[in-house]
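> What shape does this take:
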Amino acid sequence: TYTIDKLKMFLGYENLRAPDVASGSPDKVNHYWLGANYQITPQLTLIGSAFHVNVNNNGGNANLFMVGANYYLSKRTLLYVGAGTVRNSGNATFSVEADEAGAPLPGQSQNGGYFGISHSF
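Numbers count the residues shown, from 1 in each chain. Alright, predicted model coming up:
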């Protein structure tokens, strides 16, 4: 992370390996992401991020783009909202939410959103 005044930026990379899978099956994933939070006021923070994943052995790749906001009602309670879109290519079936039941068909895109309230005890 890197912070400049009210802007906090994120950058990351992850390499995943599964050497015990069947021969010819995807066994390596490269995952990259970047994002930013910008504090408009002490109560309101805007959020944006982009992710890219590439799976070997014809597993495909995908891009996920997200935007959102957090609004703090108090020190321990916040409202949150977000929306995203995932763009799959090839055989990729990544979804906006990590939920296999809601995965799109191979190579298809998916859109989604969420909202809620969070309270820390």
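
> contacts and neighbour counts: CA atoms only from here.
Fine.

> so residue 93 touches residue 106, yeah?
Yes - Residue 93 is within contact range of residue 106, at 4.9 Å (criterion: Cα atoms under 8 Å).

> Please say which of the two ends up with more neighbours.
Neighbour count, other Cα atoms under 10 Å: between residue 93 and residue 106, residue 93 has more, with 23 against 15.

> Which pLDDT does the model give that one?
In the predicted model, residue 93 carries a pLDDT score of 90.

> same thing with residue 104?
On the pLDDT scale, residue 104 is placed at 89.

> gap between it and residue 32?
Distance from residue 104 to residue 32, counting by Cα to Cα, to the nearest Å: 21 Å.

> what do you get for residue 18?
The value you get for residue 18 to residue 32, if Cα to Cα is used, is 18 Å.

> When these two are compared, which one has more neighbours?
Neighbour tally, residue 18 and residue 32, criterion other Cα under 10 Å: the higher count belongs to residue 32, 15 against 11.

> Cross-check the contact I'm expecting between that one and residue 51.
Yes - counting by Cα under 8 Å, residue 32 does reach residue 51; the two are 5.7 Å apart.

> pLDDT weak spots in the chain?
Low-confidence regions of the chain, defined by pLDDT under 70, span residues 99-101.

> now the helices: where do they sit in it?
Assigned by DSSP state H, the chain shows no helices.

> mind checking how far residue 7 is from residue 44?
For residue 7, the distance to residue 44 (Cα to Cα) stands at 12 Å.

> er, residue 75 actually
The spacing between residue 75 and residue 44, counted by Cα to Cα, is 12 Å.

> Looking at these two, which is more packed in?
Shown here are residue 75 and residue 44; by other Cα under 10 Å, residue 44 has more neighbours (17 against 9).
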